[in-house]
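Peer 1: Turn this into a structure:
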Amino acid sequence: MSFFDDLPEPPERPRQAQPLRPGWAGPPSDELPGVVHIGEFIHSGPQLVMALKSVEVFSTGCVLNLVWSMRRSNESEREWRDAADQALNYPRTGLEIDSGLRIGAALADGRRAIAAHNGPTFEEGQDDVTGPVLSVLGGGGSSASGEQVESTGRYWLWPLPLEGDTRLIAKWDAIGLPESSVVLSAEQLGQALGKVRRYWSD
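Peer 2: Numbers count the residues shown, from 1 in each chain. Reported below is the predicted structural model:
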């Protein structure tokens, strides 16, 4: 007989309904997205590049997957370390928006959204948010060396812009990225929308 046999069963906890997350807050948790492989530079310079790798399309919006890389030129050790810190620590809240990377979306109808800038909060009712909303989901894969630094960022754009092309705009004064942009094709987003699959049918 094992020492762990005949232990009392833990009491069952009552099941609680999962609260509905508003669409502007992030991608649905029960969908496999359709993917648009973009692979286009937003900016390409001798020391700094930023690219939109792909877009994950969900029924309600899309995730934008960005990557940026900076290589050292003739900076001193301290200058390079400061620049690398800037490139790795992009802003994630509205309080930091003026100090680093700015990402925005310009929709075909003239509306625009800026990441982490006066976005909605969970105190607002879902019906009170009309969009568009662009929010920071996070990043990963950051790496730095004495010669190069690379990092990634993920952004949620809601609602899914299908009525004309959308321009994604980036600017990052601290590391020398001028205002630059790339176009998201509404046709490509629409095609990927047709490939979205739900995890469960009920």
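Peer 1: Which residue lies nearest the spatial centre of the protein?
Peer 2: Tyr155 (1.5 Å; C-alpha atoms, centre = their mean).
Peer 1: Please verify my assumption that it contacts Ser135.
Peer 2: Yes - counting by C-beta atoms under 8 Å, Tyr155 does reach Ser135; the two are 6.8 Å apart. Where you see a C-beta, it was placed from the backbone N, CA and C, and this is true even at glycine.
Peer 1: so what sits against both of those two?
Peer 2: By C-beta atoms under 8 Å, 6 or more residues apart in numbering, Tyr155 and Ser135 have these common neighbours: Ala115.
Peer 1: what ranges do the strands span in this structure?
Peer 2: Per DSSP state E, the chain carries strands over the ranges 31-32, 34-44, 48-57, 62-71, 102-106, 112-114, 133-144, 148-158, 166-172, 177-184, 197-198.
Peer 1: rank those by pLDDT, which is bottom?
Peer 2: Lowest mean pLDDT of these: strand 133-144, a mean of 80.
Peer 1: and Ser135, bridged to which residues?
Peer 2: Under DSSP bridges, the beta-bridge partners of Ser135 are Trp156.
Peer 1: what's around it, how many residues?
Peer 2: Ser135 has 21 neighbouring residues, counting by other C-beta atoms under 10 Å.
Peer 1: so it touches Gly26, yeah?
Peer 2: Yes - Ser135 is within contact range of Gly26, at 7.4 Å (criterion: C-beta under 8 Å).
Peer 1: returning to that earlier point: mind giving me JSON lines with the strands of the chain and columns for distance to Phe4?
Peer 2: Compiled in JSON lines, the strands of the chain are given as follows (distance: least, C-beta to C-beta, whole Å):
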{"stretch": "strand 31-32", "distance to Phe4": "39"}
{"stretch": "strand 34-44", "distance to Phe4": "46"}
{"stretch": "strand 48-57", "distance to Phe4": "44"}
{"stretch": "strand 62-71", "distance to Phe4": "44"}
{"stretch": "strand 102-106", "distance to Phe4": "52"}
{"stretch": "strand 112-114", "distance to Phe4": "54"}
{"stretch": "strand 133-144", "distance to Phe4": "39"}
{"stretch": "strand 148-158", "distance to Phe4": "43"}
{"stretch": "strand 166-172", "distance to Phe4": "55"}
{"stretch": "strand 177-184", "distance to Phe4": "56"}
{"stretch": "strand 197-198", "distance to Phe4": "40"}
